[in-house]
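Peer 1: Structure for the following, please:
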Amino acid sequence: MKNFRKEISTWVQFITFILLWGIILVFSQTDLTKYLDVLKKVPDAIAAYGICYLVFTKWLWRLSLLQGWLVPFPDLQGTWEGTLQTTWKDADGNTPAPIPLLLVIRQSFDSINCVMHTKESSSVSNAALLSEDIGSGLHCLSYNYTNKPDAAIRGRSAVHDGAALLTVIKKPVKMLKGEYWTNRKTTGSIKLKFKSRELKECFPESKEVN
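Peer 2: You can find the predicted model right below:
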């Protein structure tokens, strides 16, 4: 996951450091004609820059005004609701109805993790990546996962591995759309809408996802 726009990040970081150094010099009332005293404030500027970087990578990168021009990837953290439609057909040639699901995305500045919940199973990502198509500007979320069905149904649905590739749609509605495939030789489509920032830990038992 590319964290900064390379073409501008160096300048932004350099200017930030110079500004912090200047602020420290002003507030410490350093005599700018004494170059050695000015240089002695460099460690303080480095420490201040380090603190600002930590604050940025912890919280500030999520700000929408920084998305796109400085931070190239979108903030997807939260719970997404939608359906999974398999292409599998039974012996009579019938395809099962769409399966309601939740996708819970936990995202930091330099990592992303996906957990998918349905009524009968949970899938946890082993590796996940946000990428950008340079030509179209579209972002894609791809991840590998291990699916663990509830113990009561493992007679008909075994533990298995798979992968998903989802395109991030920002307008007019915040959505994730794409497909999945598994080592059971099954495939299908996934369609999700952003629900909330809350990170849910299980599929709701009282009602089905809309």
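
Peer 1: who touches F109 in this structure?
Peer 2: N3, F56, T57, K58, W61 (C-beta atoms under 8 Å, 6 or more residues apart in numbering). For the C-beta atoms, the positions are set from N, CA and C on the backbone; glycine is no exception.

Peer 1: any weak-confidence spans in the chain?
Peer 2: Applying pLDDT under 70 to the chain flags residues 1-8, 206-210.

Peer 1: contacting residues for the spatially closest residue to L199 that is not a sequence neighbour?
Peer 2: Leaving aside its sequence neighbours, L199 sits nearest to V104 (C-beta to C-beta, 6 or more residues apart in numbering; 5.5 Å). By C-beta under 8 Å, 6+ apart, V104 lies in contact with G78, T79, W80, C114, V115, M116, H117, L199, K200, E201.

Peer 1: From R106, how far out is the last one?
Peer 2: Yep, that's E201 we're talking about. Distance of E201 to R106, computed by C-beta to C-beta, to the nearest Å: 11 Å.

Peer 1: Of these two, give the one with the bigger neighbour count.
Peer 2: R106 (15 against 11; other C-beta atoms under 10 Å).

Peer 1: G178 contacts L165, correct?
Peer 2: Yes: proximity of G178 to L165 meets the contact threshold set by C-beta atoms under 8 Å, at 4.9 Å.

Peer 1: Find residues that contact each of these two.
Peer 2: Counting by C-beta under 8 Å, 6+ apart, the contacts common to G178 and L165 are C140, L141.

Peer 1: which residues are contacting the longest helix that the chain contains?
Peer 2: As assigned by DSSP state H, the longest helix anywhere in the chain is helix 6-27. Helix 6-27 has contacts (C-beta under 8 Å, 6+ apart) with 4, 30, 32, 38, 41-42, 44-46, 48-49, 52, 69-70.

Peer 1: can you pull out the helices in the protein?
Peer 2: 6-27, 35-39, 42-58.

Peer 1: Now render those helices as TSV, adding distance to T187 and mean neighbour count.
Peer 2: What follows is these, written out as TSV (distance: least, C-beta to C-beta, whole Å; neighbours: other C-beta atoms under 10 Å):
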stretch	distance to T187	mean neighbour count
helix 6-27	36	13
helix 35-39	62	10
helix 42-58	37	13
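
Peer 1: Make a markdown table out of these and add distance to S123.
Peer 2: Listed next are those as a markdown table, based on distance: least, C-beta to C-beta, whole Å:
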| stretch | distance to S123 |
| --- | --- |
| helix 6-27 | 33 |
| helix 35-39 | 55 |
| helix 42-58 | 28 |
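
Peer 1: Out of those helices, which gets nearest to D110?
Peer 2: helix 42-58 (7.2 Å; C-beta to C-beta).

Peer 1: same for that closest one, what does it pack against?
Peer 2: helix 6-27 (3 or more C-beta pairs under 8 Å, 6 or more residues apart in numbering; DSSP states H and E).
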